[in-house]
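**Q** Based on what follows, work out the 3D shape:
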Amino acid sequence: MTHPQDEDLLLRMRSGEEAAFEELVRTHGGRLLAVARRYLPSEDDARDAVQDAFLSAFKALPAFEGQAKLSTWLHRIAVNAALMKLRTRRRKPEQSIDDLLPGFLEDGHLEKPASEWMPVPLDLVERKEIAEIVRSNIARLPDNHRHVLLLRDIEEFDTEETAEMLEITPNAVKTRLHRARLALRELLEPHLRRSPE
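**A** Coordinates of the predicted model:
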């Protein structure tokens, strides 16, 4: 449901009040830029995607019925704008994720059994360091797997929505997500392994 503050802002925007549009951009621009940056490595592309997202939002404003929060609605538009920007870029050959996946023996067991990871530290500095390690390793995943992981695990879209946004089948989403999670775990293993007592 729409927040009362959102309702007021929507009314002001629908009546054409310029200050309301500026307030929308000021309030949500930073968060939307952070979303776009997850998909687009180029800062210019990320800023363009946010600009496109706001333009799309302004055009779609009359159709916005307030079933979702304004921020949720804008978030989805920003993700779509970033994905659209990716689609319009010259396609580069898809990278294989195989080199990042764990190896398996003939009997189906892992070549290197997964070690126990250290517990999440309470110290804020360490937590920030771990978040940065996770972020940088997500960035190492091939685009087609990274985008599925971001949409499902970070943006929390469901399988059907993810499939629709990426223009792939729900089964492809599930397969890529599984492989992306395996690869990410393998990449994080050296960083988060519990050191022997």
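**Q** In terms of secondary structure, what does the host helix or strand of Ala36 contact?
**A** Per DSSP states H and E: Ala36 is located in helix 18-39. With contacts taken as 3 or more C-beta pairs under 8 Å, 6 or more residues apart in numbering; DSSP states H and E, helix 18-39 sits against helix 4-14, helix 43-60, helix 70-88. For glycine as for every other residue, the C-beta is placed from the backbone atoms N, C-alpha and C.
**Q** try 10 Å this time
**A** helix 4-14, helix 43-60, helix 70-88, helix 143-149 (3 or more C-beta pairs under 10 Å, 6 or more residues apart in numbering; DSSP states H and E).
**Q** Out of the ones you listed, flag the one nearest Val35.
**A** Among the helices and strands packed on helix 18-39, the nearest to Val35 by C-beta to C-beta is helix 70-88 (4.8 Å).
**Q** which residues of this protein score low on pLDDT?
**A** For the chain, the stretches with pLDDT under 70 are 1-4, 89-96, 98-126, 194-197.
**Q** contacting residues for the most centrally placed residue in it?
**A** The centre of the chain sits closest to Leu150, judged by C-alpha atoms, centre = their mean, with a distance of 3.5 Å. By C-beta atoms under 10 Å, 6 or more residues apart in numbering, the residues touching Leu150 are 35, 38-39, 79, 82, 138, 141, 157, 162, 180.
**Q** Ile97 now?
**A** Ile97 touches 141-142, 144-146, 176, 179-180, 182-183, counting by C-beta under 10 Å, 6+ apart.
**Q** what does stretch 164-181 contact?
**A** 76, 79-80, 83-84, 86-87, 97-98, 100-101, 138, 141-142, 144-153, 155, 157-163.
**Q** 6 Å - rerun?
**A** 83, 97, 141, 145, 148-149, 152, 159-160, 162-163 (C-beta atoms under 6 Å, 6 or more residues apart in numbering).
**Q** Can you lay out these as CSV showing distance to Glu18?
**A** Formatted as CSV, the contacts of stretch 164-181 follow (distance: C-beta to C-beta, whole Å):
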residue, distance to Glu18
Leu83, 30
Ile97, 47
Leu141, 42
His145, 43
Val148, 39
Leu149, 39
Arg152, 38
Thr159, 41
Glu160, 38
Thr162, 36
Ala163, 39
